[in-house]
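Participant: Dropping the sequence and predicted coords here.
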Amino acid sequence: MRNITLSDHAADQAEAAASARAANYEAKKAKYAHEVGQHNTKSAELRQKSQTAFRERRWLAWLISFLPRMGHAMKSAPPPPIMAAAAGRDEIVWNAGNDGERRVADILSTRFSDDWTLISGYCNPGGEIDKLLVGPEGIMAIEIKFINGRIFCDGDRWWRDKYDRYGNLVESDLTIADKKGRGPSMQVNASTDRLQAFLNQRMPAPRIARAVIFSHDSSEIGGIDNPTVDLIAKAESLSPDTVRKCLPNAPIDPLQVIEWIQKDHAFHARPREKNRPQKTGRRQS
């Protein structure tokens, strides 16, 4: 199977978080070194005064010199060493999401022939589609979730029950949604609807199938009611037969589809000038 990466949002976000954490550590380390230097310089100055008084046999001055040295030692202890901060929640989430997407890609790569292409990170105003599987038999848009627990769905509302390693229920009815409040099905449908409309204007395009795939080892599919996508499954259950059941019986030209997908992604990815008036009518391609 061919692989095309248009963008890698999860990896980029994880890398940005790690870089910010490293930069913060370096800034704190520099501040620590400066404070230690100041403390040591002051200690050396006080010690020098005491030693000078001793060499010159100014015994009273020598005795008095111990008072500021003691005060400095008691009130101005060296700052504690700086420890590198552990990865925060967002960084852990991004890394987990990236691992989940990589796992799905690995599974698909071993099960689909070279007639199929996996496109990662296509974006349009509706959002990002984690994976687009394009082959001679159709197109499938895939939203990937790395979630631990038993997953439930009713229409576009998604939630999960979370269990500990011993199988005990620890939390229930936890909402599954992005920062905009959209469940997985709404996420994949929003961006796929836009891609579908774009392709329909340019070629005879069959309906794009939509899937929500869970890649965590401990994911478990619970009750699914009124789904608004074609496939809800765990990553390991993905196979050519599973995908084909969701695709319309309408052969396509994969190379033509891929070319249009790449053009559309490039159009939406290019920078926009602020306050530029929006053009109306059909976009030129």
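Facilitator: Received it, and whenever you're ready, just let me know what you need.
Participant: Please name every helix or strand in contact with the one helix or strand Gln187 maps to.
Facilitator: Here Gln187 sits within helix 184-200, counting by DSSP states H and E. Applying 3 or more Cβ pairs under 8 Å, 6 or more residues apart in numbering; DSSP states H and E, we find helix 184-200 packed against strand 117-124, strand 127-135, strand 138-145, strand 209-214, helix 254-269. C-beta coordinates here come from the backbone N, C-alpha and C atoms, glycine included.
Participant: Redo the ones you listed as a markdown table? Include mean neighbour count and mean pLDDT.
Facilitator: Shown next, in a markdown table, are those (neighbours: other Cβ atoms under 10 Å; pLDDT from 0 to 100):
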| stretch | mean neighbour count | mean pLDDT |
| --- | --- | --- |
| strand 117-124 | 21 | 96 |
| strand 127-135 | 24 | 96 |
| strand 138-145 | 25 | 97 |
| strand 209-214 | 26 | 97 |
| helix 254-269 | 16 | 95 |
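Participant: Reformat those as a markdown table; add distance to Ile82.
Facilitator: Shown next, in a markdown table, are these (distance: least, Cβ to Cβ, whole Å):
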| stretch | distance to Ile82 |
| --- | --- |
| strand 117-124 | 36 |
| strand 127-135 | 37 |
| strand 138-145 | 37 |
| strand 209-214 | 39 |
| helix 254-269 | 39 |
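Participant: Of all the ones you listed, which one is nearest Leu238?
Facilitator: strand 209-214 (6.7 Å; Cβ to Cβ).
Participant: The closest one: how far from the chain's middle?
Facilitator: Distance, stretch centre to chain centre, for strand 209-214: 18 Å (Cα atoms, centre = their mean, to the nearest Å).
Participant: Tell me which strands that strand pairs with, and in which orientation.
Facilitator: Taking DSSP bridges as the criterion, strand 209-214 forms sheet pairs with strand 138-145 (parallel), strand 231-234 (parallel).
Participant: Format the CA atom coordinates belonging to that strand as PDB.
Facilitator: Extracted as PDB, the C-alpha positions of strand 209-214 are listed here (Å, rounded to 0.1, in the frame of the first residue of the first chain):
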ATOM      1  CA  ALA A 209     -17.500   6.000   3.300                       C
ATOM      2  CA  ARG A 210     -16.900   7.200   6.900                       C
ATOM      3  CA  ALA A 211     -15.400   5.200   9.700                       C
ATOM      4  CA  VAL A 212     -14.500   5.800  13.400                       C
ATOM      5  CA  ILE A 213     -11.700   3.500  14.500                       C
ATOM      6  CA  PHE A 214     -10.400   2.900  18.000                       C
END
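Participant: Could you list the residues in contact with stretch 45-62?
Facilitator: Ser65, Phe66, Pro68, Arg69, His72 (Cβ atoms under 8 Å, 6 or more residues apart in numbering).
Participant: Checking the second one next. Helix, strand or coil?
Facilitator: In other words, Phe66. helix (DSSP: H, G, I helix; E, B strand; the rest coil).
Participant: Just the element for the residue lying closest to it once chain neighbours are set aside, please.
Facilitator: By the measure of Cβ to Cβ, 6 or more residues apart in numbering, the closest residue to Phe66 outside its immediate chain neighbours is Ser50, 6.7 Å from it. In this assignment (DSSP H and E), Ser50 forms part of helix 9-55.
Participant: With that, I have no additional questions.
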